[in-house]
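In: Have a look; sequence and predicted model below, questions after that.
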Amino acid sequence: MRRNNPKRELWFAWYTTVIFYNFYFIVFFPVTHAQPPPHPYWSDALVANWFGHNHHGLIIGFGIIFAVAGLTAPQNALIAYSMRRMSVSRVFAWSYLVLYSVAAIPGLLLLCVALSVGALRPARDPAQLHWLYDFGLLSFTGTMGLFLIGSLVWMLAILLDKNRVLPKWFGYLNLCNALTEVVIAPAWIFHAGVFSWNGLISWWVDIVVFGIYTGAFLTQLRKLIQREDFGDGPLPELTKPHRAGASLAGTAP
Amino acid sequence: MKRADGEKILFWTLPVTAVIWVSAFFLFPGFTHPMSPSMTAAQVAAFYRDPGNLSRIRASMILFNWFAPALIPLLMLIVAQVRRMAHRTPILSYCLVACSAGGPAIFLVADLFWLLAAFQPARDPQLTVMFNDLAWMTFTTAVPFLIAQSLFIALAIYLDRPDRLVFRRWVALFNIVVAVALVPAAFTGLALSGPMAWNGLLPFWVKNIAIAAWIVVMSVVIGQNLYQRADGQAQPAAAEAVPA
């Protein structure tokens, strides 16, 4: 990234997002085996066996997540920025930024802590290992509202926008993503079947929708950055260089 | 006359809260001699059942619960400084806002687990060990947003206008060093003893000293900017007053 590239901050956020999803996929699928999630109906002994079997993967994999989870911030920043380019109130951008930033704690880090604690002492009482397993996987799967409301905020911004920053079909795809947070709710109730946390609907359908959604928003954000026209001239001079909160770009709030 | 925007008041809350943080740190008996992850269940239970320890655990964790979120105004003061940098978009200030809730909020989760362990010290020692493990693992691995925000600050300085830097270059370098110092803590689950255990050299001493140094250094550079800015504002105001 050239230092003088006028889109440097936007490309930084986009590439960081791609890098984070690569870490996420590698850690959650092949390294920790936390995805696809193991069964919710397992006995204490099977859960204890799972922790013992995945000890190193869980500790190293989630160690990587603890080191890089902050890279989710540029994604939230870039999506918030997309809303700042729209003909809607800045309230949309700020809402999304806060919703998805908070979501990282119950929706990602609690799982990593709970399963790391389980892996730390695989000889722990199996009933306690089972509690940690439920705590981790349910906090990850069952954190719904932050993603639900966040997706709906982005959807509404896209549908109201007159600047055509993102296509309307992508607005409706946000609704599909929001609905995955609705169909996951029965995972708090069922231990087996299509609505359990690794069931056909609650996991497999949702992961397909999430995969398509993620691919679509990465593509759309990339197009947004390519279309941006900041020119390549010098940065605007600040009329009052020391004024707090002085806007440098037309997009700054 | 210079307009008071309140940033200096927020800034001067920091030394006060820093005294409280340091006091709470030394008040918690599990920090002064960091508890080893290799302690037996009986030893962990005895730690929480000791009446002398129990009152100190509760008092220190209640103090942290009250005042750990006071770090957020410091982070917002940094956001305000990044907003003054020569960037074309608010991406990096948004990144810092996104990180700011994470660090203190994860710390508060650890705080809850410590208080839970202390709430019923007579419970099964195995359960006390689990709460103690949850507290220590949450506390020690609570570095992702601290690492990221240090890197974002470094990048923000790198992308700032070289001839009129809001923060000097060494602040960027310092933030990168802090980010690197925090990384080993993410992998503390690897060992129950030695330099990588949660009471070991890297995840405990290096991490906590790096965080303390970061708070002190960033507070000083923010304070310098706030007071320089106030001086800068005073002069044009005086000049305007002459023709009037």
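Out: Sure, I can see it.

In: residue contacts, the residue in chain B that chain A sits nearest to?
Out: Nearest residue of chain B to chain A (Cβ to the nearest Cβ) works out as residue B:148 at 2.3 Å. The C-beta positions use only the backbone N, C-alpha and C, and glycine is treated the same way. Residue B:148 is in contact with A:69, A:70, A:71, A:73, B:95, B:99, B:179, counting by Cβ atoms under 8 Å, 6 or more residues apart in numbering or on different chains.

In: For these, give me a markdown table that also has neighbour count and pLDDT.
Out: Output for the contacts of residue B:148, formatted as a markdown table (neighbours: other Cβ atoms under 10 Å in any protein chain shown; pLDDT from 0 to 100):
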| residue | neighbour count | pLDDT |
| --- | --- | --- |
| A:69 | 27 | 97 |
| A:70 | 27 | 97 |
| A:71 | 22 | 97 |
| A:73 | 33 | 97 |
| B:95 | 35 | 98 |
| B:99 | 28 | 96 |
| B:179 | 23 | 98 |
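
In: Of these, which belong to helices?
Out: Under the assignment DSSP state H, the contacts of residue B:148 contribute A:73, B:95, B:99, B:179 to helices.

In: so the second one makes contact with residue A:77?
Out: Yes - because the distance of 4.7 Å satisfies Cβ atoms under 8 Å, residue B:95 is recorded as touching residue A:77.

In: Common neighbours of these two, please.
Out: residue A:13.

In: Could you pick out the longest helix of the chain?
Out: Going with chain A. The longest helix of chain A (DSSP H) is helix A:206-227.

In: could you do chain B instead?
Out: Under DSSP H, chain B gives helix B:207-241 as its longest helix.

In: What helices and strands are in contact with it?
Out: Judged by 3 or more Cβ pairs under 8 Å, 6 or more residues apart in numbering or on different chains; DSSP states H and E, the packing partners of helix B:207-241 are helix B:7-27, helix B:71-83, helix B:144-158, helix B:169-186.

In: so which of the ones you listed is the most packed in?
Out: Most buried of these by mean neighbour count (mean count of other Cβ atoms under 10 Å in any protein chain shown) is helix B:144-158; its value is a mean of 25.

In: Next, the angle helix B:169-186 makes with it.
Out: For helix B:144-158 against helix B:169-186, the angle by axes from the mean of the first three to the mean of the last three Cα atoms, to 10 degrees is 160 degrees.

In: Just the C-alpha atoms of helix B:144-158, please, in PDB.
Out: What follows is helix B:144-158, C-alpha atoms only, in PDB (Å, rounded to 0.1, in the frame of the first residue of the first chain):
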ATOM      1  CA  PRO B 144      -6.900  -8.700  21.400                       C
ATOM      2  CA  PHE B 145      -8.200  -5.200  21.400                       C
ATOM      3  CA  LEU B 146      -5.200  -3.800  23.200                       C
ATOM      4  CA  ILE B 147      -2.900  -5.300  20.600                       C
ATOM      5  CA  ALA B 148      -5.100  -4.000  17.700                       C
ATOM      6  CA  GLN B 149      -5.500  -0.500  19.100                       C
ATOM      7  CA  SER B 150      -1.700  -0.200  19.500                       C
ATOM      8  CA  LEU B 151      -1.200  -1.200  15.900                       C
ATOM      9  CA  PHE B 152      -4.000   1.200  14.700                       C
ATOM     10  CA  ILE B 153      -2.400   4.100  16.600                       C
ATOM     11  CA  ALA B 154       1.000   3.200  15.000                       C
ATOM     12  CA  LEU B 155      -0.500   3.100  11.500                       C
ATOM     13  CA  ALA B 156      -2.500   6.300  12.100                       C
ATOM     14  CA  ILE B 157       0.800   8.100  13.000                       C
ATOM     15  CA  TYR B 158       2.600   6.600  10.000                       C
END
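
In: mean confidence for it?
Out: For helix B:144-158, the mean pLDDT works out to 97.

In: Then stretch B:223-232?
Out: 85.

In: Could you tell me the phi and psi values at residue A:7?
Out: The phi/psi pair for residue A:7 (degrees, to the nearest 10) reads phi -100, psi 20.

In: so how far is residue A:229 from it?
Out: Relative to residue A:229, residue A:7 is positioned 10 Å away (Cβ to Cβ, to the nearest Å).

In: Neighbour count: these two, which is higher?
Out: Ranked by neighbour count (other Cβ atoms under 10 Å in any protein chain shown), residue A:7 and residue A:229 place residue A:7 first, with 18 against 8.

In: Contacts only, for residue B:32.
Out: residue B:26.

In: quick one: secondary structure of residue A:123?
Out: Classification of residue A:123 using DSSP: H, G, I helix; E, B strand; the rest coil returns coil.

In: quick one: which of the helices and strands packed on helix B:207-241 is nearest residue A:111?
Out: Of all the helices and strands packed on helix B:207-241, it is helix B:144-158 that lies closest to residue A:111, at 13.2 Å by Cβ to Cβ.

In: Centre of the chain to the closest one, how far?
Out: 13 Å (Cα atoms, centre = their mean, to the nearest Å).

In: Please render the contacts of residue B:148 as TSV that adds distance to residue B:196 to the earlier fields.
Out: Formatted as TSV, the contacts of residue B:148 follow (distance: Cβ to Cβ, whole Å):
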residue	distance to residue B:196
A:69	20
A:70	21
A:71	23
A:73	27
B:95	29
B:99	25
B:179	18
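
In: Going by distance to residue A:222, which of the residues you listed wins?
Out: Once Cβ to Cβ is applied, the member of the contacts of residue B:148 that ends up nearest residue A:222 is residue A:71, at 17.2 Å.

In: who's in contact with the closest residue to residue B:96 other than its chain neighbours?
Out: Counting by Cβ to Cβ, 6 or more residues apart in numbering or on different chains, residue B:79 is the residue found nearest to residue B:96 once chain neighbours are left out, at 4.9 Å. With contact set as Cβ under 8 Å, 6+ apart, residue B:79 has these partners: B:93, B:96, B:97, B:100.

In: Quick one: residues contacting residue 213.
Out: Assuming you mean chain A. Contacts of residue A:213 by Cβ under 8 Å, 6+ apart are A:173, A:174, A:176, A:177.

In: Correction: the question concerned chain B.
Out: residue B:178.

In: Tell me the spacing between it and residue B:181.
Out: Taking Cβ to Cβ, one finds residue B:213 at 9 Å from residue B:181.

In: And residue A:173, by the same measure?
Out: Relative to residue B:181, residue A:173 is positioned 41 Å away (Cβ to Cβ).

In: List the buried residues for the helix or strand harbouring residue B:110?
Out: For residue B:110, the host element (DSSP states H and E) is helix B:102-119. Neighbour counts over helix B:102-119 (16 or more other Cβ atoms under 10 Å in any protein chain shown) mark B:102-111, B:113-118 as buried.

In: Tell me which helix or strand residue A:76 sits in.
Out: Residue A:76 belongs to helix A:72-84, assigned by DSSP H and E.

In: In contact with the nearest residue to residue B:125 once chain neighbours are set aside, which residues are there?
Out: Leaving aside its sequence neighbours, residue B:125 sits nearest to residue B:45 (Cβ to Cβ, 6+ apart; 3.6 Å). The contact partners of residue B:45, by Cβ under 8 Å, 6+ apart, come to B:121, B:125, B:128, B:129.

In: Just flag the most distant two among those residues.
Out: Spatial extent of the contacts of residue B:45 (Cβ to Cβ) is set by the pair B:121 and B:129 at 12.3 Å.

In: Look at these two and report which has more neighbours.
Out: Each of residue B:121 and residue B:129 has its neighbours counted (other Cβ under 10 Å); residue B:129 has more, 24 against 18.

In: Considering helices and strands only, name the one in chain B with the lowest mean pLDDT.
Out: Least confident helix or strand of chain B, by mean pLDDT, DSSP states H and E, is helix B:207-241 with a mean of 79.
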